[in-house]
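[1] Just to be clear, the model below is a prediction. Sequence and coordinates:
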Amino acid sequence: MNTASFQFRFANSDTNGLHLPETHSCQTPSMFSWYSSKSRGDGYGPVLVVVVIGKMASGGEAPESWYLALLGFAEHFRTSSPPKIRLCVHCLQAVFQFKPPQRVEARTHLQLGSVLYHHTKNSELARNHLEKAWFISQQVPQFEDVKFEAASLLSELYCQQNLVDSAKPLLRKAIQISQQTPYWHCRLLFQLAQLHTLEKDLVSACDLLGVGAEYARVVGSEYTRALFLLSKGMLLLMERKLQEVTHYLDAGQVKSVKPCLKQLQQCIQTISTLHDDEILPSNTADLFHWLPKEHMCVLVYLVTVMHSMQAGYLEKAQKYTDKALMQLEKLKMLDCSPILSSFQVILLEHIIMCRLVTGHKATALQEISQVCQLCQQSPRLFSNHAAQLHTLLGLYCISVNCMDNAEAQFTTALRMTTHQELWTFIVTNLASVYIREGNRHQELYSLLERINPDHNFPVSSHCLRAAAFYIRGLLSFFQGRYNEAKRFLRETLKMSNAEDLNRLTACSLVLLGHIFYVLGNHRESNNMVVPAMQLASKIPDMSVQLWSSALLKDLNKACGNTIDAHEAAQMHQNFSQQLLQDHIAACSLPEHNLISWTDGPPPVQFQAQNGPTTSLASLL
């Protein structure tokens, strides 16, 4: 996942209420040019308007009177059906002809800038008005709403014009002088964090969100503090930088994260049951909508899926994925927010890995195709998830024994990613491909040097480091260095048991069981293989069950346990048949041709296969 767009909706973000369809660019004719045109059918006589406003100004009326009158006309044109934005603009421009005080002048520049920015294509004129509003409002005491609204809107416009170097110092100054105005200070921090995110400067973005969290704590807004922290987590989640989705989940510490995850689930459940009028805040720093309640529920499902997958509770992961995807489909019928598509892709990425483990390759391949289709609809989404897509295809290729294609997919993914966690995951799987091929020694040793779990491991992830020990153990096993293999595998077991990484535990147990079997220690082998089978059944992991049943068959046969050997042989046959049928189904799908895609956007169409092009190789 690359930079995902995280948007914040502000409770009073549109103080002028200006949200109308865009019109053509409007110029700035003389102040009363439209008054003399009777053909417009405006519903107001031009003479009446001139007389009313003129008398107000010349007759000593307070500035607020004629100003409010002009605002009334502007609002009438704005809310007409269809809206008359040009006439609305002229009314606001008329204010300046009466030499208004600074407060009125600044507010009018802001109103004009907002109308022009939101409803026309005249961005230069909008920028001119907003710059004047920002400049003048800084000279007026206690004028925070206009001052900071102008800064916020002007920075948006600068970004739209690719003037990011103008937007950033503007926001920094506004943040600096807004510390006594909690709502605006928090809002501007969010806005600058978002700007850094769009530039893929995650360090600066996360620093700002951390500053915001501490500020919210100081002003007593636990709600907004939670939004800053959740925003930081969501940003890193969308970027596949999982350091603080929760600290423990990123670190692969699945057991340690359980209390945090449970608390998050309860918190969101409570929020989702409240009516909107029950959560109106009294603290101005709380006037934010981070995500709609429905979106937050999906986010919690997503984090739960990630946790379940890391822990090896794959049926639970599937259950929550189904719930989340169902919710997403409903939301997408009413809401085209890009974040929903990002959530959907991330969910699919996780459930695809689960399907490959549970022996549902055909379904996984169809879901990979679904991710491709989602990415075709959004170039940005594809840019953010291309490396993950090729990684998933690499995992699929391993599952159907297409090792050359797996290598090509992983190599492509490595070329596309700069994220250390994803890079390490890809390298670990590519190393397993080289081990299985058996003749890639130079490339293999080069990879293993870069993911050495004993020193200088590239990431802090507990899970990935445990997996690196397992890969070392697997290589040592294939090379016949059994004592070394046992050392690496015991390290894997120690780490995986500490954090309930069930799949790594099952894989390590069955490989240790295989080593003891080769060494002739049948009793110790049985002590490893039986719990491996039990754990694999619980996950369920089809490949480990296949491997364990083969070992149990051989072990019982060697020990003279004919009945148990027959039972294990029958289990092995059943698993083999399930995997073979799924293998044939997957390779027969037209989407199977995706394994050859390594360049450019994903193919739009697929040609059907006549039959499987690969054989079901032994998983031992």
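    Structure's in. What do you need?
[2] so Ser123 touches Gln161, yeah?
    Yes. At 6.4 Å, Ser123 counts as touching Gln161 under the criterion of CB atoms under 8 Å. From N, CA and C alone the C-beta is placed, and that goes for glycine too.
[3] quick one: Val219 and Thr181, what's the gap?
    10 Å (CB to CB, to the nearest Å).
[4] Quick check: buried residues in stretch 203-219?
    Taking 16 or more other CB atoms under 10 Å as the neighbour-count basis, stretch 203-219 is seen to contain the buried residues Ala205, Cys206, Leu208, Leu209, Gly210, Val211, Gly212, Ala213, Tyr215, Ala216, Val219.
[5] Over to stretch 412-423?
    Buried residues in stretch 412-423, counting neighbours by 16+ other CB under 10 Å, are found at Thr412, Ala413, Leu414, Met416, Thr417, His419, Glu421, Leu422, Trp423.
[6] what is the mean pLDDT for it?
    The average pLDDT within stretch 412-423 is 92.
[7] Export the buried residues of stretch 203-219 to JSON lines and append columns for pLDDT and distance to Ile352.
    Below are the buried residues of stretch 203-219 laid out as JSON lines (pLDDT from 0 to 100; distance: CB to CB, whole Å):
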{"residue": "Ala205", "pLDDT": "86", "distance to Ile352": "29"}
{"residue": "Cys206", "pLDDT": "81", "distance to Ile352": "28"}
{"residue": "Leu208", "pLDDT": "91", "distance to Ile352": "34"}
{"residue": "Leu209", "pLDDT": "87", "distance to Ile352": "30"}
{"residue": "Gly210", "pLDDT": "85", "distance to Ile352": "33"}
{"residue": "Val211", "pLDDT": "91", "distance to Ile352": "37"}
{"residue": "Gly212", "pLDDT": "90", "distance to Ile352": "35"}
{"residue": "Ala213", "pLDDT": "84", "distance to Ile352": "34"}
{"residue": "Tyr215", "pLDDT": "91", "distance to Ile352": "40"}
{"residue": "Ala216", "pLDDT": "86", "distance to Ile352": "37"}
{"residue": "Val219", "pLDDT": "88", "distance to Ile352": "44"}
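[8] Point out the ones among these that are inside helices.
    Of the buried residues of stretch 203-219, the ones assigned to helices by DSSP state H are Ala205, Cys206, Leu208, Leu209, Gly210, Val211, Gly212, Ala213, Tyr215, Ala216.
[9] Excluding chain neighbours, what is closest to the fourth one?
    What it means is Leu209. Leaving aside its chain neighbours, Leu209 sits nearest to Lys232 (4.2 Å; criterion: CB to CB, 6 or more residues apart in numbering).
[10] Select the helix or strand of the chain having the lowest average pLDDT value.
    strand 9-10 (a mean of 36; mean pLDDT, DSSP states H and E).
[11] which stretches of the stretch 101-250 of the chain have low pLDDT?
    233-250 (pLDDT under 70).
[12] just the helices in it please.
    Along the stretch 101-250 of the chain, counting by DSSP state H, counting those that start in this stretch, helices occupy 102-119, 123-137, 144-160, 164-177, 182-198, 202-218, 222-238, 247-250.
[13] Dump the ones you listed into TSV; add distance to Ala408 as well.
    Shown next, in TSV, are these (distance: least, CB to CB, whole Å):
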stretch	distance to Ala408
helix 102-119	48
helix 123-137	46
helix 144-160	39
helix 164-177	37
helix 182-198	32
helix 202-218	30
helix 222-238	27
helix 247-250	29
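[14] Looking at the ones you listed, which is nearest to Ser596?
    Comparing the helices of the stretch 101-250 of the chain by their distance to Ser596 (CB to CB), the top pick is helix 222-238, with 29.4 Å.
[15] could you say which helix or strand contains His307?
    Secondary structure assigned from DSSP states H and E places His307 in helix 293-311.
[16] which strands and helices sit next to that helix?
    Packed against helix 293-311 by the contact rule (3 or more CB pairs under 8 Å, 6 or more residues apart in numbering; DSSP states H and E) you find helix 222-238, helix 247-250, helix 254-273, helix 314-332, helix 338-358.
[17] let's see it at 10 Å
    For helix 293-311, the contact count by 3 or more CB pairs under 10 Å, 6 or more residues apart in numbering; DSSP states H and E identifies helix 222-238, helix 247-250, helix 254-273, helix 314-332, helix 338-358, helix 462-478, helix 502-518 as packing neighbours.
[18] okay, the angle between it and helix 502-518?
    Taking axes from the mean of the first three to the mean of the last three CA atoms, to 10 degrees, one finds helix 293-311 and helix 502-518 inclined to each other by 10 degrees.
[19] now Asp457: how far from Val427?
    Just to correct that, residue 457 is Phe rather than Asp. Note on Phe457: its distance to Val427, by CB to CB, is 11 Å.
[20] okay, those two: which has more neighbours?
    Legend: neighbour count by other CB atoms under 10 Å for Phe457 and Val427, higher for Val427 (22 against 16).
[21] Which parts of the strand or helix carrying that one count as buried, going by neighbours?
    Counting by DSSP H and E, the element that carries Val427 is helix 420-437. Buried positions in helix 420-437, judged by neighbour count with 16+ other CB under 10 Å: 421-436.
[22] Give me the pLDDT value at Gln327.
    According to the model's per-residue confidence, Gln327 sits at a pLDDT of 84.
[23] Next, count neighbours for the spatially closest residue to it that is not a sequence neighbour.
    Using CB to CB, 6+ apart and skipping the chain neighbours, the partner closest in space to Gln327 is Val298 (5.5 Å). Neighbouring residues of Val298 were enumerated by other CB under 10 Å; the total is 22.
[24] these two touch, right, Val298 and Asp335?
    No. Val298 is not in contact with Asp335 according to CB atoms under 10 Å; the separation is 11.1 Å.
[25] for the record, mean pLDDT for the longest helix along the chain?
    With DSSP H applied, the helix covering the greatest number of residues in the chain is identified as helix 562-588. Within the predicted structure, the mean pLDDT of helix 562-588 is 95.
[26] now the angle between helix 338-358 and that helix, please.
    Direction vectors for helix 562-588 and helix 338-358, defined by the same axes, to 10 degrees, enclose an angle of 140 degrees.
[27] Show me which residues of helix 562-588 are buried.
    Using 16+ other CB under 10 Å as the test for burial, helix 562-588 gives 565, 568-569, 571-572, 575-576, 579, 582-587.
[28] Those residues into CSV, with extra columns for distance to Gln534?
    CSV is the format used below for the buried residues of helix 562-588 (distance: CB to CB, whole Å):
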residue, distance to Gln534
Ala565, 18
Ala568, 14
Ala569, 19
Met571, 13
His572, 16
Phe575, 15
Ser576, 20
Leu579, 20
Asp582, 23
His583, 25
Ile584, 29
Ala585, 28
Ala586, 28
Cys587, 31
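[29] Which one of those residues is nearest to Gln318?
    Using CB to CB, the shortest approach to Gln318 within the buried residues of helix 562-588 belongs to Asp582, at 15.8 Å.
[30] In this structure the closest one contacts Tyr396, no?
    No. At 11.8 Å, Asp582 and Tyr396 do not qualify as touching, with contact defined as CB under 10 Å.
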